[in-house]
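Student: next one to model:
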Amino acid sequence: MSSKTFPNLKRLAQNMRDILGDKKGYLLFAYNGTGKTRLSSAFKDLGKKPIRGTDEKTADTLYYNAFTEDLFTWNNDLDGDTDRRLLFNKDSRFFRGLDGFAIDTRIRPLLDRYADFNFELYFDEGYITFSRDVKKRDSVVTEDRIKVSRGEENIFIWCFFLAVAQLAIDGETAYEWVKYIYIDDPISSLDDNNAVAVACHLAQLIKSSEMKVVVSTHHALFFNVMYNELKRDNTVKRFLSKKGDTGRYIVRDTGDTPFFHHVELLKQLKKVADSGKLYTYHFNILRNILEKTASFHGFDKFSACIKQDETDVDGAVHLRMTNLLSHGAYSIFEPVEMVEDNKRIFKEILDGFLETYKFNTELFGDE
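Tutor: The predicted structure is shown next:
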């Protein structure tokens, strides 16, 4: 399929379900405002069937989107300012069946990947409290009942969802109704480090299970990592856009090299290189761009796209450092900032690439 037009999101959602009949996953990129969240709701609603004799409906989709985050709300204790709680809506189907699973013990190892705060879950009462150990002089003090940042809150909710999703993947009786898992933009308010970490972890979860999974996002870096992690998996990759003001939607096959990847990623790399906030995993991203460019220009090795200069006449140092620092799974669970010499080498490789392969310079100006 090169492209296909749909009259509305419901028809697109049905097409996605049809494709998932013999595919394991569906990865979708769409810019904000295109209708990703409404698409996830349309997909979920297709699985709802009335239960005779009741006011309830069946369901077949465990989903994560903006509505999932809305299941959690803050009680900030405005009077005393000491007992801050994150409340959750226990009446939601999302939480049903969790009693007896000690879900907090399932959340903790997931949260430890991303955050340095702790939590206590009061399931019967329907709220969570947070704490953090803070070093003060020569001792460590625990600050209780704190309010975490929006990014930290989203990470916690994401880990809560992952713990529930794992129950569905494991076939636990309480979640036998789950046939699909639909995830829409799990990385709102997250920095690039956590965005890459979430993408890698989610890709591993998809590859290790038989559950049908849909992932949609507007985040180019997140999509790029997911795309490459799932490259050899039985997953389709699509780009969603609106067809003008017609109310119709176009879905395109991203092809082997999604057209928006390299431009968006180069913007990301140029931005972090200029700021000096470079981590070792940025070499993974740079190498990916070099490999795609080499393939496009007919070279067998990405080293052909590393410009030689007076600091590295034969290109051996730049090639060796790219190989060394891009080895492994992104080094994202414990991101390590580059030392100054490696930052210099990274900038030399990136600047040389941009000098050799001309891109619109306006792309790298102030947005």
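Student: and Leu86, its phi and psi?
Tutor: According to degrees, to the nearest 10, the main-chain angles of Leu86 amount to phi -100, psi 110.
Student: neighbours of it, how many?
Tutor: Using other Cβ atoms under 10 Å, Leu86 has 21 other residues around it. For glycine as for every other residue, the C-beta is placed from the backbone atoms N, C-alpha and C.
Student: can I assume it is in contact with Ile128?
Tutor: Yes - applying Cβ atoms under 8 Å, one finds Leu86 in contact with Ile128, separated by 4.5 Å.
Student: any common contacting residues for those two?
Tutor: Taking Cβ atoms under 8 Å, 6 or more residues apart in numbering as the contact rule, Leu86 and Ile128 both touch Phe156.
Student: so for stretch 51-66, what's the average pLDDT?
Tutor: The average of the pLDDT scores along stretch 51-66 is 88.
Student: doesn't Phe239 belong to a strand?
Tutor: Yes - Phe239 forms part of a strand when assessed by DSSP: H, G, I helix; E, B strand; the rest coil.
Student: what's the closest non-adjacent residue to it?
Tutor: Take Phe239 and drop its neighbours on the chain: the residue closest to it by Cβ to Cβ, 6 or more residues apart in numbering is Arg252, 4.6 Å away.
Student: tell me who's in contact with that neighbour.
Tutor: Going by Cβ under 8 Å, 6+ apart, Arg252 touches 2-3, 238-239, 241.
Student: now do the SS call for it.
Tutor: Per three-state DSSP, Arg252 ends up strand.
Student: settle this for me: Arg287 is touching Thr322, isn't it.
Tutor: Yes - counting by Cβ under 8 Å, Thr322 is a contact partner of Arg287 at 5.5 Å.
Student: so Tyr119 sits right up against Asp144, yeah?
Tutor: Small correction: residue 119 is Phe, not Tyr. No - using Cβ under 8 Å, Phe119 is not in contact with Asp144, being 10.9 Å away.
Student: give me the common contacts of the two.
Tutor: Common neighbours of Phe119 and Asp144 (Cβ under 8 Å, 6+ apart) are 129, 131.
Student: what's stretch 126-142 in contact with?
Tutor: 75, 84-90, 116-122, 143-148, 156.
Student: name the element Gly47 belongs to?
Tutor: Using DSSP states H and E, Gly47 sits in no helix or strand.
Student: which of the contacts of Arg252 sit farthest apart?
Tutor: Greatest spatial distance among these (Cβ to Cβ): Ser2 and Ser241, at 13.6 Å.
Student: who's more crowded, those two?
Tutor: Neighbours per residue, other Cβ under 10 Å: of Ser2 and Ser241, the larger number sits with Ser241, 15 against 6.
Student: show me the shaky parts of the stretch 151-300 of the chain.
Tutor: Residue ranges of the stretch 151-300 of the chain with pLDDT under 70: 187-193, 244-245, 255-262, 264.
Student: which residues in it form strands?
Tutor: 180-184, 212-217, 235-242, 249-253 (DSSP state E, counting those that start in this stretch).
Student: now distance to Ser139 too, for the ones you listed, in a markdown table please.
Tutor: Formatted as a markdown table, these follow (distance: least, Cβ to Cβ, whole Å):
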| stretch | distance to Ser139 |
| --- | --- |
| strand 180-184 | 41 |
| strand 212-217 | 43 |
| strand 235-242 | 50 |
| strand 249-253 | 57 |
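Student: show me what counts as buried in the longest helix seen in the chain.
Tutor: In the chain, taking DSSP state H as the definition, the longest helix is helix 150-169. Within helix 150-169, the residues that count as buried by 16 or more other Cβ atoms under 10 Å are 151-169.
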